[in-house]
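J.: Kindly return the folded structure for what I paste below:
(2 chains)
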Amino acid sequence: MIFSDFGMDTASLAGSLETKLAAVRGAGFSQVVISAADVVGHPGGVAAGVGAVRASGLRVTGLEALRDFEGLDGQLHAYKVDIAKSMLEVCGELGGNLLLVEASTSSHADPSADAIGRDLRKLALLAIPLGIRIAFKGMPWSRTVRDFRAAGELVYDTGSPNLGLSIDAFDVLAAGAALEDLDAIDPEQIFLVQLSDYMWQEMRSPEEQTSTATHFRVFPGEGAHSEGLARFVTKLDEIGYIGDYSFDVYNDDYLQIPPEVVAGRARQAADWLGETVLRRALPIPDTERLRLSRGSE
Amino acid sequence: MENPLAREAVAEPLNPLGFDGIEFIEFATSKPQALGGVLERMGFRPIARHRSREVELYRQGSMNIIVNAQPADVPRTVEPVERPIVSAFAVRVRDADAAFQRARELGAWEIPVRARAMELNIPAIHGVGESLIYFVDRYDEFSIYDVDFRAIPTVDPHPPAIGGMHFFGIVQYVGPDRTADWFEFYSQIFGFVPLPDTVRFGIMPKGLLLQSPCRSFFLQLIEPDEIARFGPAEEHLQRIGLGTPDVLATVGLLEKRGIEFLASEKVHSSDRGALTKSTLGSVMFELVHDDPKPSAARK
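T.: The predicted structure is shown next:
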């Protein structure tokens, strides 16, 4: 694993899209997960947002996030298909090849595995002509797909080649999934791993879990679960995962401090994981160091 | 709370659409006459023109080729440029609208309806790159060309095929590690099945071969070679395969008409197949030994 395996998420940063991208780039990252709202909400329009991302030179790890897609029927389903198509098109324009999809938390959704599998397969097929992969992610407050175990079973049963998983460290640290369950997952089916920590030792209620997940996440190495995160990343390495890591840190405090400061903290997290936790035999190659020391080109 | 109209999974028959071969293959080009010249040397004859668009129909035997010079009016479709591009193919099915709705339900992208007054609306979905796939169910006694095309006077509307040539397949270039994706696409929507590596046709045995449910049409998916894997991935329909019962005899007939075939150490005409030299920057045809089969779905 080398430093370029790690990327940031525009949702972690305050400011305009251009400011966020410059901060990510300035901290030495070469890839970024783009929050769809940052592109379509660009004051210059979607084309300007797309242009800013392309001009940044950053690789787009993926676009996030399609929510509450699966299990709906009739008009609701047709509506969500339109939303999905539009997001896929934006993802394609960005030059991205991954769309993050979060398991439905809607009470209107049919929670049966058949309904969910059918809709995920459809979504994956929609993504094929555009060359986009679908990274499906369990949500702790979803009715049925709460973590990577349930999501992994669905992905496996669906059998679409471009449907895989996004695994969130939060599942293991906060929602109590066992690390050993990763053994049952084919590393080829993991399209993205998202990393974050949080400050509390334990969470007292599901409500606290939800609010923590959406407002109080911190970068790996900054929170109370460094050891758990280290075990998580080491385990992924053991099972043969060689894909991207993204910091999905959603924190209201970070949106009130300069994005360069937040990106600097992300950089420390990447260094800690790459050099201390994984102690990779591969040091950052000299050319990579050179490029980083020059900053953005 | 059961909705009786809820979409449900039902076991699919082997040929869910009543797939019955290829109705036409379309090229887009801004220089339709140059391509027309190549097609005529290949034995196709211009037989009709579209009533309102810059579109021509060429035919020989059972094969229809559309040459489209009309500027693109739908996003993500081919804008005609000088270099001809295989821009669409049309599959014959039992019920075009049912096939189209089923494809949409499975996750195909439909293109907006664009028929004008007195024109047929031929349903279509997006295929690889900027190409389209049409669904056609009028191909027996009444054809799609009867409505939208005007016959060119004094021309035989059914010119015979040189050497018994017929549509055999299309070669599709796909990006690195994309074969599985496209197999999913063609198997889900059309019922194509993969052929084992031991089954090969012609002289270009690469990639994955998919067979249509009517068993008469093939798609060959080819990923880029070693080095090219790291270049920009361009996915498109690359060339048309034509079946003929006697490849070398057909090669002889076409050479007399001015068609040149590749004759290198690696690629040269044989009784298994042959490949024409690329012309107009991109156009090539592959001949494949194949005896024409009677149409499967038609009575």
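
J.: dump the residue contacts of the closest residue to chain A within the stretch 51-200 of chain B.
T.: Going by Cβ to the nearest Cβ, chain A is nearest to B:G107 of the stretch 51-200 of chain B, at 3.1 Å. Every residue, glycine included, has its C-beta placed from N, CA and C. For B:G107, the contact set (Cβ atoms under 8 Å, 6 or more residues apart in numbering or on different chains) comprises A:R121, A:K122, A:L123, A:A124, A:L125, A:L126, B:Q188.

J.: for B:R150, same thing?
T.: B:A48, B:R49, B:H50, B:R51.

J.: Quick check on those: which are buried?
T.: B:A48, B:R49, B:H50 (16 or more other Cβ atoms under 10 Å in any protein chain shown).

J.: wait, doesn't B:R138 sit right on B:I144?
T.: Yes. Counting by Cβ atoms under 8 Å, B:R138 touches B:I144, with 5.5 Å between them.

J.: So for those two, which sits in the more crowded spot?
T.: B:I144 (21 against 16; other Cβ atoms under 10 Å in any protein chain shown).

J.: All the strands of chain A, in order from the start?
T.: Along chain A, counting by DSSP state E, strands occupy A:6-9, A:31-35, A:59-67, A:98-102, A:133-137, A:163-168, A:190-195, A:197-198, A:217-218, A:245-247.

J.: and of these, who's closest to chain B?
T.: strand A:133-137 (8.6 Å).

J.: And that closest one, what does it pack against?
T.: Applying 3 or more Cβ pairs under 8 Å, 6 or more residues apart in numbering or on different chains; DSSP states H and E, one finds that strand A:133-137 contacts strand A:98-102, helix A:113-127, helix A:148-158, strand A:163-168, strand A:190-195.

J.: Neighbouring strands - and their directions - for that strand?
T.: The strands that strand A:133-137 pairs with in its sheet are strand A:98-102 (parallel), strand A:163-168 (parallel) (by DSSP bridges).

J.: okay, it in CSV with CA atoms only?
T.: The C-alpha trace of strand A:133-137 is given here as CSV (Å, rounded to 0.1, in the frame of the first residue of the first chain):
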residue,chain,number,x,y,z
ARG,A,133,-19.3,0.2,-11.0
ILE,A,134,-21.8,0.2,-8.2
ALA,A,135,-20.5,0.2,-4.6
PHE,A,136,-23.3,-0.9,-2.3
LYS,A,137,-23.0,0.0,1.3
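
J.: And that strand, how far out from the chain middle?
T.: Taking Cα atoms, centre = their mean, to the nearest Å, the mean C-alpha location of strand A:133-137 is offset from the chain mean by 9 Å.

J.: Name the residues of the lowest-mean-pLDDT helix or strand in chain B that come out as buried.
T.: Lowest on mean pLDDT, DSSP states H and E among the helices and strands of chain B sits helix B:145-148, with a mean of 84. With burial defined by 16+ other Cβ under 10 Å, the residues of helix B:145-148 counted as buried are B:Y145, B:D148.

J.: Look at the residue nearest to A:G49 when sequence neighbours are not counted and report its pLDDT.
T.: Nearest residue to A:G49, sequence neighbours excluded (Cβ to Cβ, 6 or more residues apart in numbering or on different chains): A:H42, at 3.3 Å. A:H42 is assigned 95 on the pLDDT scale.

J.: isn't A:H42 right up against A:A52?
T.: Yes. With contact defined as Cβ under 8 Å, A:H42 counts as touching A:A52 (6.9 Å).

J.: Just the closest residue of chain A to chain B, please.
T.: Counting by Cβ to the nearest Cβ, chain A gets nearest chain B through A:L125, at 3.1 Å.

J.: From A:A124, how far off is the closest residue to that residue other than its chain neighbours?
T.: Closest residue in space to A:L125, ignoring its immediate chain neighbours: B:G107 at 3.1 Å, by Cβ to Cβ, 6+ apart. According to Cβ to Cβ, to the nearest Å, B:G107 stands 7 Å off from A:A124.

J.: Up against chain A, what does the stretch 51-200 of chain B have?
T.: Residues of the stretch 51-200 of chain B found near chain A, taking Cβ under 8 Å from any Cβ of the partner chain as the criterion, are B:105-109, B:126-128, B:175, B:178, B:180-185, B:188-189.

J.: Tell me the residues of chain A that contact chain B?
T.: A:73-74, A:85, A:114, A:118, A:121-126, A:128-129, A:131, A:160-162.

J.: And the buried ones among the residues you listed, selectable in PyMOL?
T.: Buried residues within those, by 16+ other Cβ under 10 Å, are selected in PyMOL with:
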select buried, chain A and resi 73+85+118+121+122+123+124+125+126+128+129+131+160+161+162
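
J.: right, and the pair among the contacts of B:G107 with maximum separation?
T.: Greatest spacing in the contacts of B:G107, by Cβ to Cβ: A:L123 and B:Q188 (12.6 Å).

J.: I'd guessed A:W141 sits against A:T210; true?
T.: Yes. At 5.4 Å, A:W141 counts as touching A:T210 under the criterion of Cβ under 8 Å.

J.: coming back round to it: could you check how far the residue of chain A closest to chain B is from A:G176?
T.: 34 Å.

J.: cool, and B:L280?
T.: Applying Cβ to Cβ to B:L280 and A:G176 gives a distance of 64 Å.

J.: Between those two, which has more neighbouring residues?
T.: Using other Cβ under 10 Å as the criterion, B:L280 and A:G176 rank with B:L280 on top: 16 against 10.

J.: surely the more buried one meets B:L35?
T.: Yes. Taking contacts as Cβ under 8 Å, B:L280 lies within contact range of B:L35: 6.4 Å.

J.: which residues do the two both contact?
T.: With Cβ under 8 Å, 6+ apart as the test, B:L280 and B:L35 both reach B:T29, B:P84.

J.: just the CA coordinates of stretch A:169-177, formatted as CSV?
T.: Written as CSV, here are the backbone C-alpha positions of stretch A:169-177 (Å, rounded to 0.1, in the frame of the first residue of the first chain):
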residue,chain,number,x,y,z
ALA,A,169,-15.0,1.0,9.2
PHE,A,170,-17.9,2.4,11.2
ASP,A,171,-19.7,-0.9,10.7
VAL,A,172,-17.0,-2.7,12.7
LEU,A,173,-16.2,0.1,15.2
ALA,A,174,-19.7,1.2,16.1
ALA,A,175,-22.2,-1.3,14.8
GLY,A,176,-20.5,-4.3,16.1
ALA,A,177,-19.8,-6.4,13.0
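
J.: What are the buried residues along stretch A:171-189?
T.: A:D171, A:V172, A:L173, A:A174, A:A175, A:A177, A:L182, A:I185, A:Q189.
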